[in-house]
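Student: quick one: sequence and predicted model below, then my questions.
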Amino acid sequence: MKCLSEVVAVDPSILARSDMQRGVHGRLMDNSTSVREAAVELLGKFVLSRPQLTEQYYDMLIERILDTGISVRKRVIKILRDICLEQPTFSKITEMCVKMIRRVNDEEGIKKLVNETFQKLWFTPTPAHDKETMTRKILNITDVVAACRDTGYDWFEQLLQNLLKSEEDASYKPAKKACVQLVDNLVEHILKYEESLAENKGVNSTRLVACITTLYLFSKIRAQLMVKHAMTMQPYLTTKCNTANDFMVICNVAKILELVVPLMEHPSETFLATIEEDLMKLIIKYGMTVVQHCVSCLGAVVNKVTHNYKFVWSCFNKFYGALNKFKIQHQEDPNSTTLVANKPFLLRSLFTVGALGRHFDFDLEEFKGTNKVIIKEKVLELLLYFTKHEDEVVKTKAIIGLGFLVIMHPSQMFVPEVKSLYNGILADGSSSINLKIQVLKNLQTYLQEEDSRMQEADREWKKLSKQEDLKEMGDISSGMSSSIMQLYLKQVLEAFFHTESSVRHFALNVIALTLNQGLIHPVQCVPYLIAMGTDPEPSMRNKADQQLVEIDKKYTGFIHMKAVAGMKMSYSLQQAINSSRKTIVRGFRHDETHSALCSHLYSMIRGNRQHRRAFLISLLNLFDDSAKTEVNMLLFIADNLACFPYQSQEEPLFIMHHIDITLSVSGSNLLQTFKELLLKEPRRKEKKVKLWKNTSDGEDEEEKMNYDSSRSDEEENYNSDGNENEDNDDDVVHRPKKSRKPVQNSDSSESESDLEDLDVEDVDKVMRLLPESPTGLLDFANAVQGILLLLVLKQHLKNLYGFSDSKIQKYSPTESAKVYDKAVNRKNNVNFNPRQTLDFIFNNMGNATLTEDVKRRIVKQYLDFKVLMEHLDPDEEDEEGEASASANIRNKAINALLGGSGPMSGPSPRNQAGPETDDDDSDIDERTPGSSRRSRRAGDSSDPGRMSETVEAMDVIALCCPKYKDRPQIARVTQKTPNGYTIHWMAGSYSGPWAEAKKRDGRKLVPWVDTIKESDIIYKKIALTSNHKLSNKVVQTLRSLYAAREGGAS
């Protein structure tokens, strides 16, 4: 970029070439901040020297004002400022100013730059004779104000405030002087427009509205500036209202007078009387917006200046009396025709009584005199009566009036009728959207008013703080608003789950105001805000995310504490939004980014390793069959886990590591549950094993039964058939609790229970073993979905980030973070698509009726799943052929389970990773310090049982004790004795997990301890896998060792 700058410096015209334009645009999108900055700088130089290039590169330049790099944003603002100063006739000046003003709350350096930019552009005093510059400023400012009409004027106000505040203590005040000039010239312009409008009806009145709006913004920040022009503004209250612009003029003039009149010193009586009359006419004649602003202006004039209370009292009585009449008529005959004819006046009365109640306290003696009636209660009673009206429009107006009234008297929000009205409308699903929105708007307006009241009180306090005693300063108002919000909080939060986005929008506004004012404990809102962060509308997402960031800054740990609840609520919100569309709820955005809906939540948590891991484990725990989470929610969470913005390798590896753990635990439980469905006859007792004849119910019994049945079955296999049959052994391993059907000979017994292969016969065999109405079958199908999702998720993460099996196996969560701190490389176009689960949800299989076909599908799934569980452990043998064979079986099972196609098909990454497999085994095999791989291999072939090793306490060994016929016999050495060893027997099977065995001693279960001779040992130092199983290599060695012993004995 810098070399290019040198070239272009000689001939700027080459920037006009289209290939240059494409090249520069590409670099403006570069990953590196400094490259983007250099590209912007290059553009800046030449756009200013060749104004004709400004148009060409403008769009590229302006979008970089939102760049993530601070230096890039600064550079863009400087270039835009120079364009404004040097090319004042450029067509996009207004848009540029709007974009720059919006950065007024950015990072400190940028804030300062924006303030300086506008100080230079607008707020530098103009020489009196330079009318042209002044006019250009006025047009520019009013254009910007007009352009901000839809998005709000907060930025403009903020800018004005910053500039005036920065020079408060300075002796020379250029911004203040410039403001005085601008206000005076704006008033002149308004008078000119007025004349041209009077002469020629064709002149656009938008400019007039923009000028008056700008004056209002100046008045709002410094009302003093407008005092001398108040008399000039007053006649605009009598504007004839034909268009929307005319109404805007009246509203803005009323707002200006409301701020300015109280500051006037000795205003003339006639001027004040005229204002009062004009306002009263407008109140009686025009619609809601005008009435609202005029009553507000009248409040300021009467309460602070004229004290003409009788004038307001008579107006109030007119509308209040009318409401009373309407109430009586309605009570007598709800359908009376006069009521229908007078409906517009009823609506106006409800609104106006409320508006007057907001700005005047009619219970003061100045209004009602010595009358003992409590006016606010009477008005409340009337308004509440009309909130029960059958016509929704009347109801809405009554609620609006009620909202106004409670701003003056907040304690009325504690009245049970008001509380039940508000909460009822918010909580009732059937109540209309308009009513819900109105209730939320009422709460919003109340909070905004409270906020401005408190800011006002704060300003007053600062003035008086020198003399006041802090102890006497009461904080009653915030206590009141806090109690009020506690009262309505739950219903407002629940409104987040409304299908209509406008209801969610207002609920979020209320919560944001409540949190900003610190009226409630923020932790209760966190899950709801997390849910709102998944809203389809970007403005709401951003607002919710912003609130979470604020909470996280002040209270670290709150977000993490409620993260899982937030994910569940996000699912509920998506369900509510999708309820009309009847689609399956997914957890990612359906756009080109495919980003997770909760990605902002994850990016907030991921910075803290402990929080991140706890959050991920909590999510994975939901997939456990015992958590009983509904399948669609699991899909939503799996989508999020698949699409979270992981940055280091540690994150996906940690997830895959825990998926393996969950699979081995939940998977075996699920298989066990299914096998229990097949139990139809009582278990066959074996005479040979007498050790446990006293066992009673309980977990330990089950464990011993597994041990018992596996050993006795094993023995039966040896007796019935001299050479070993792997299928039988596997059967023994995997079906410990299932009793066999009583059959005539052992051959048919073997075939009946042989569920290992995956052909149709086996499905039929299992089908025959199913009871007539297997109640738990659908539960199994439901529970399996969680496991399947985890499988697809693991496979997806593996494909997306290109991890090999061996890399996943080597990962250990206890290793230091630095090892896995490398950035992840994402592949493109790898989408998460768990078809089985999508079909399951789409066909509503969770509630399906059990036809033969459904049963068959579930049984098929069970058998695929069973094979997968057998080959789930990483291959821990040395021979690469065996390794890849086992990996192939595992991948076939995964393919069968997941529907064959998609990211699963094709060879496993493990198959192409011969050397890694080697490393892997060396990690997991016997970890003898200092022994090299090759020497161990050589040793293994000559010493299959590693009999040359020395046995130590805690070693796991294999035995061949003549007094027991069980195979294999595994035990843990507890200590060496003079004649041999003391051991603690273990219970398990060739392919199942091993645990320490117990036996009954009276009523107690005690460890089953025994003594053995050195000659009983056939294999020393067995290394169990992470799932406490025997590795395939050890299993094969043991089988051959037992076979050799049996052969020798016979």
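Tutor: Now that the structure is in, tell me what you want to look at.
Student: element containing residue 976?
Tutor: Residue 976 belongs to strand 969-977 when elements are defined using DSSP states H and E.
Student: oh, I was asking about residue 79
Tutor: Using DSSP H and E, residue 79 sits within helix 70-86.
Student: could you give the average pLDDT over that helix?
Tutor: Averaging pLDDT along helix 70-86 gives 89.
Student: give the residue spans of the protein that score low on pLDDT.
Tutor: Low-confidence segments of the chain (pLDDT under 70): 200-204, 466-478, 679-761, 871-887, 890, 893, 895-942, 1048-1050.
Student: 50 - rerun?
Tutor: Flagging of the chain using pLDDT under 50 yields the residue ranges 681-761, 875-880, 900-940.
Student: ranges for the helices of the stretch 451-600 of the chain?
Tutor: Along the stretch 451-600 of the chain, the stretches classed as helices by DSSP state H, counting those that start in this stretch are 476-494, 501-516, 526-532, 538-554, 558-561, 563-578, 599-605.
Student: got a list of what residue 395 touches?
Tutor: Going by Cβ atoms under 8 Å, 6 or more residues apart in numbering, residue 395 touches 386-389, 435. C-betas here are computed from N, CA, C, even on glycine.
Student: dump the helices of the stretch 451-600 of the chain to TSV, plus distance to residue 412 and mean neighbour count.
Tutor: Output for the helices of the stretch 451-600 of the chain, formatted as TSV (distance: least, Cβ to Cβ, whole Å; neighbours: other Cβ atoms under 10 Å):
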stretch	distance to residue 412	mean neighbour count
helix 476-494	10	17
helix 501-516	18	20
helix 526-532	27	27
helix 538-554	29	16
helix 558-561	33	20
helix 563-578	32	20
helix 599-605	39	20
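Student: can you tell which of these is closest to residue 846?
Tutor: helix 563-578 (15.4 Å; Cβ to Cβ).
Student: so which of the helices of the stretch 451-600 of the chain comes closest to residue 1042?
Tutor: The closest of the helices of the stretch 451-600 of the chain to residue 1042 is helix 563-578. By Cβ to Cβ, the value is 48.9 Å.
Student: between the closest one and helix 538-554, how big is the angle?
Tutor: Per axes from the mean of the first three to the mean of the last three Cα atoms, to 10 degrees, the angle that helix 563-578 makes with helix 538-554 is 170 degrees.
Student: is it true that residue 373 lies in a strand?
Tutor: No - using DSSP: H, G, I helix; E, B strand; the rest coil, the assignment for residue 373 is coil, not a strand.
Student: burial check on it, number of neighbours?
Tutor: 9 (other Cβ atoms under 10 Å).
Student: what sits against it?
Tutor: Counting by Cβ under 8 Å, 6+ apart, residue 373 has no contacts.
Student: got the CA positions of stretch 1022-1038 in PDB?
Tutor: Taking Å, rounded to 0.1, in the frame of the first residue of the first chain, the C-alpha atoms of stretch 1022-1038 are listed here in PDB:
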ATOM      1  CA  ILE A1022      -2.200 -54.100  32.800                       C
ATOM      2  CA  ALA A1023      -2.900 -50.500  31.700                       C
ATOM      3  CA  LEU A1024      -6.700 -50.000  31.700                       C
ATOM      4  CA  THR A1025      -8.100 -47.400  29.200                       C
ATOM      5  CA  SER A1026      -9.600 -44.100  30.300                       C
ATOM      6  CA  ASN A1027     -13.000 -45.800  30.500                       C
ATOM      7  CA  HIS A1028     -11.600 -48.600  32.700                       C
ATOM      8  CA  LYS A1029     -11.700 -51.200  30.000                       C
ATOM      9  CA  LEU A1030      -9.100 -53.600  28.600                       C
ATOM     10  CA  SER A1031      -7.400 -52.500  25.400                       C
ATOM     11  CA  ASN A1032      -8.000 -54.800  22.400                       C
ATOM     12  CA  LYS A1033      -4.400 -55.800  22.400                       C
ATOM     13  CA  VAL A1034      -4.500 -56.900  26.100                       C
ATOM     14  CA  VAL A1035      -7.800 -58.800  25.400                       C
ATOM     15  CA  GLN A1036      -6.200 -60.800  22.600                       C
ATOM     16  CA  THR A1037      -3.100 -61.600  24.600                       C
ATOM     17  CA  LEU A1038      -5.200 -62.800  27.600                       C
END
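Student: how about it: buried residues?
Tutor: Using 16 or more other Cβ atoms under 10 Å as the test for burial, stretch 1022-1038 gives 1022, 1024-1025, 1027, 1029-1038.
Student: from the chain's centroid, how far away is that stretch?
Tutor: In terms of Cα atoms, centre = their mean, to the nearest Å, the centre of stretch 1022-1038 is found 44 Å from the chain centre.
Student: check stretch 330-345 too.
Tutor: So, by Cα atoms, centre = their mean, the centroid of stretch 330-345 is 50 Å from its chain's centroid.
Student: measure it end to end?
Tutor: End-to-end distance of stretch 330-345 (Cα to Cα, to the nearest Å): 14 Å.
Student: for residue 66, which of the helices of the stretch 451-600 of the chain is the nearest?
Tutor: For these, distance to residue 66 was read as Cβ to Cβ. The smallest value, 12.4 Å, belongs to helix 538-554.
Student: relative to helix 501-516, how tilted is that closest one?
Tutor: Using the same axes, to 10 degrees, helix 538-554 lies at 20 degrees relative to helix 501-516.
Student: offset the numbering so it begins at 4, please.
Tutor: Taking 4 as the first residue, the last one we looked at is helix 541-557.
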